[in-house]
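Peer 1: my questions concern the predicted model and sequence given below.
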Amino acid sequence: MAPSMNDREEFGPEDDQDFEPSDQGGAFGAPEDRDTPVEPYEDQVPEDEQPAEAGDETKPLWFVVHCYSGYENKVKKNLEHRAESMGMTSHILEVIVPTEEQVELREGQRRVVERRIYPGYVLVRMILDEESWYVVRNTPGVTGFVGIGNKPTPLRQEEVDRIMRRMEAEEPVAQVKVKVGDKVRVVEGSFMDFNGTVEEVYPDKGKARVLVSFFNRETPIEVDLLQIERL
C-alpha cells in the first residue's frame with residue numbers, strides 16, 4: 001500500500017542514533033569527538049586549528065562543516081543569523097542540512113519520514129577567506145571544517161550533484177538497515193517468517209536479494225527492504 005503523505009514525520013536528535021548514512025561521499029569523514037560530551041556552544045578555536053591558508057578564491061564553493069549530531073538545524077539557523085549580523089552574506093551564501101524522504105515500517109504501517117542524510121554535517125556554499133572562515137568556525141555548535149590538514153577542502157561538483165539529486169528525488173526511498181551477509185527474517189509477503197542471509201542490496205530499487213532455505217535448498221528471493229528485519 002502506498003504511504004500517505006499525511007504520515008510524514010520529522011525526526012529529532014534521538015532518532016539519528018541508529019541511522020548510518022548509506023552514501024558517505026568523497027570528502028565526508030567521521031566527526032571529531034562526536035561521542036565526547038563537549039559543550040556545544042563553546043566559542044573558542046585552538047590556535048593549532050587555524051587554517052594553513054584561508055585561500056583567495058572569489059568563486060563560491062561548497063564546504064562541509066562538522067557539527068554536533070542532532071544540532072544540524074540549529075547550527076544552520078545560527079550560521080545564517082551570524083552571517084547576516086556580521087555583514088558576511090556576500091561570502092556565506094547558502095547553508096543546507098541534507099535530508100531525504102524515506103519509507104519505513106513502523107507498527108505494521110508504512111510511513112514517509114524525513115531523515116538527515118549525513119547526521120553531524122552541514123553544507124555551506126561560501127567564498128572562503130579569513131573572515132568567512134572565522135565566522136563559520138566560530139558559529140555555536142560548529143566543531144570544524146572537513147578538509148586535508150588545516151585547510152578546508154571543497155566538495156567536488158559531482159559530489160554536490162549527487163547530494164542534490166538525493167534531496168530532490170520525487171519518490172521516497174526505503175531506509176537501508178541491512179548489508180550483505182546479515183541474517184534476516186522476512187516479515188511481510190509470500191515468504192513471511194522465513195529466515196535467510198542477505199546476498200545483495202539494491203538501495204536505488206529499495207530491494208534486497210536474500211537466500212532462504214526452501215525445501216532444504218537455498219533459494220534466492222528478491223524482497224522489499226521493508227519486508228525484512230535483522231535477526
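Peer 2: Right, received. Where do you want to start? Since the structure is predicted, the reported quantities are computational estimates derived from the model, not experimental observations.

Peer 1: any stretches of this structure with poor pLDDT?
Peer 2: Scanning the chain for pLDDT under 70 picks out 1-57, 104-109, 173-174.

Peer 1: that one - how does it break down into domains?
Peer 2: As assigned by automatic domain parsing, the chain contains the domains 5-174, 183-230.

Peer 1: including mean neighbour count, could these go into CSV?
Peer 2: Just so you know, the C-beta spots here come from the backbone N, C-alpha and C atoms, and that holds for glycine as well. Shown next, in CSV, are the domains of the chain (neighbours: other C-beta atoms under 10 Å):
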stretch, mean neighbour count
domain 5-174, 16
domain 183-230, 16
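
Peer 1: okay, and Asp161 sits in which element?
Peer 2: Per DSSP states H and E: Asp161 is located in helix 157-168.

Peer 1: SS state for the residue nearest to Leu93 when sequence neighbours are not counted?
Peer 2: Residue nearest to Leu93 in three dimensions, not counting chain neighbours: Arg125, with 4.8 Å by C-beta to C-beta, 6 or more residues apart in numbering. Assigned with DSSP: H, G, I helix; E, B strand; the rest coil, Arg125 falls in the strand class.

Peer 1: which one's the longest helix in this protein?
Peer 2: Identified as the longest helix of the chain according to DSSP state H is helix 72-85.

Peer 1: pull the distance from it to the chain's centre.
Peer 2: 19 Å (C-alpha atoms, centre = their mean, to the nearest Å).

Peer 1: now swap in stretch 113-133 and tell me
Peer 2: Its chain's C-alpha centre and that of stretch 113-133 lie 11 Å apart, by C-alpha atoms, centre = their mean.

Peer 1: I'd like the distance between the most centrally placed residue in the chain and His91.
Peer 2: Centroid check for the chain by C-alpha atoms, centre = their mean gives Tyr118 as the closest residue, at 1.7 Å. Tyr118 sits 23 Å away from His91, going by C-beta to C-beta, to the nearest Å.

Peer 1: again with Gly196
Peer 2: 54 Å.

Peer 1: repeat for Asn216
Peer 2: Asn216 is 67 Å from His91, where distance means C-beta to C-beta.

Peer 1: for Asn138, same thing?
Peer 2: 14 Å.

Peer 1: repeat that for Phe191.
Peer 2: 56 Å.

Peer 1: next SSE after the longest helix of the chain?
Peer 2: strand 92-96.

Peer 1: can you list the strands that that next one pairs with?
Peer 2: Paired neighbours of strand 92-96 in the sheet (DSSP bridges): strand 121-126 (antiparallel).

Peer 1: how about the partner strand as PDB, C-alpha atoms only?
Peer 2: What follows is strand 121-126, C-alpha atoms only, in PDB (Å, rounded to 0.1, in the frame of the first residue of the first chain):
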ATOM      1  CA  TYR A 121      27.200  17.600   8.900                       C
ATOM      2  CA  VAL A 122      26.000  20.800   7.400                       C
ATOM      3  CA  LEU A 123      26.900  22.100   3.900                       C
ATOM      4  CA  VAL A 124      27.900  25.700   3.300                       C
ATOM      5  CA  ARG A 125      28.300  27.400  -0.100                       C
ATOM      6  CA  MET A 126      30.700  30.200   0.500                       C
END
